[in-house]
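A.B. asks: sequence plus predicted model, see below.
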Amino acid sequence: MKKQICVLKTVLFLLIALNAASQNEKSGVYLTFKDYLSNKLTYEINCKTETHKIKLNEFLNKSYITVVHNGEKFNLNKDSIYGFISCDEPLARFQNKEHYYLDEKGGVWIFFRLEGKSSGKTFYTEKIYYFSVKGDGKLMELSIENLKSAFPTNHKFHDMLDAQFNSSAKIAEYDSFHKMYKVNHLLEEAGK
């Protein structure tokens, strides 16, 4: 019973966190990154007047998503589409059949995954952060080492990362003054 309550709390937390993150006017699938850049959605709906479902099929570990649009089901391979946006979630893009939610576009695009964790009998979710240099670039875990690898010749950025962060645990800090993640602010400053 306790385990079921913990799972329910985790699901509720996920729904609240994602719902608070974004309220979109449109929902649909971006077949390619080019479609995302031109805001061209497939199976598009207006969130205020229409509904449809985008199922990730994660619990069944399927390699495709299912879109129920205008009463019809469409299965799309996760490896062959860029991502999707739903009425109550930010952009999610796919890599290796996994989805990652976009949190910020900047010098690096910051994404996150909500992953279930356990400690003894306690279950909780944790945001794990990733980044890509471009919106369609390879997603890598957000760490000092990976950022340095992504910008191998920007030694000023490397030095600023070392000075700002004493561990990768703090690398995903948000800078409320500059209204962006600290790594994007540092990258911006290193380019000046």
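C.D. replies: That came through fine.
A.B. asks: helix or strand next in line after the lowest-mean-pLDDT helix or strand in the chain, which one?
C.D. replies: Ranked by mean pLDDT, DSSP states H and E, the helix or strand of the chain with the weakest confidence is helix 2-21, at a mean of 44. Downstream of helix 2-21, the first helix or strand assigned by DSSP states H and E is strand 26-30.
A.B. asks: contacting residues around the following helix or strand past that following strand?
C.D. replies: For strand 26-30, the following helix or strand on the C-terminal side (DSSP H and E) is helix 33-37. By CB atoms under 8 Å, 6 or more residues apart in numbering, the surrounding residues in contact with helix 33-37 are 30, 41-42, 82-83, 91, 135-136. To be clear about C-beta, it is placed using only N, CA and C from the backbone, and glycine gets the same treatment.
A.B. asks: where does the chain dip in pLDDT?
C.D. replies: The model of the chain has pLDDT under 70 over residues 1-22, 168-169.
A.B. asks: ranges for the helices of it?
C.D. replies: With DSSP state H, the ranges of helices along the chain come out as 2-21, 33-37, 144-150, 155-164, 182-190.
A.B. asks: returning to what we had before: closest to K192 out of the contacts of helix 33-37?
C.D. replies: G135 (23.0 Å; CB to CB).
A.B. asks: now the closest one: closest residue in space, sequence neighbours ignored.
C.D. replies: W109 (5.3 Å; CB to CB, 6 or more residues apart in numbering).
A.B. asks: separation between G191 and K156?
C.D. replies: Counting by CB to CB, to the nearest Å, the gap between G191 and K156 amounts to 8 Å.
A.B. asks: tabulate the contacts of helix 33-37 (TSV), appending distance to T51.
C.D. replies: Formatted as TSV, the contacts of helix 33-37 follow (distance: CB to CB, whole Å):
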residue	distance to T51
Y30	19
L41	15
T42	17
Y82	23
G83	20
L91	19
G135	28
D136	29
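A.B. asks: farthest pair in those?
C.D. replies: Using CB to CB, the two most remote members of the contacts of helix 33-37 are T42 and G135, lying 17.7 Å apart.
A.B. asks: residues in contact with the most centrally placed residue in the chain?
C.D. replies: By CA atoms, centre = their mean, the chain has its centre lying nearest to Y101, at 1.6 Å. Neighbouring residues of Y101 by CB under 8 Å, 6+ apart: 18, 21, 89-92, 111-114.
A.B. asks: for it, list each beta-bridge partner.
C.D. replies: A92, F112 (DSSP bridges).
A.B. asks: what's opposite G116 in the beta bridge?
C.D. replies: Beta-bridge partners of G116, counted by DSSP bridges, are T125.
A.B. asks: does it touch T125 like I think?
C.D. replies: Yes - here G116 lies in contact with T125, judged by CB atoms under 8 Å, at a distance of 5.8 Å.
A.B. asks: those two: who's more crowded?
C.D. replies: Taking neighbours as other CB atoms under 10 Å, G116 and T125 compare with T125 leading, 16 against 13.
A.B. asks: and the more buried one, how far from F84?
C.D. replies: Remark: distance between T125 and F84 (CB to CB) = 21 Å.
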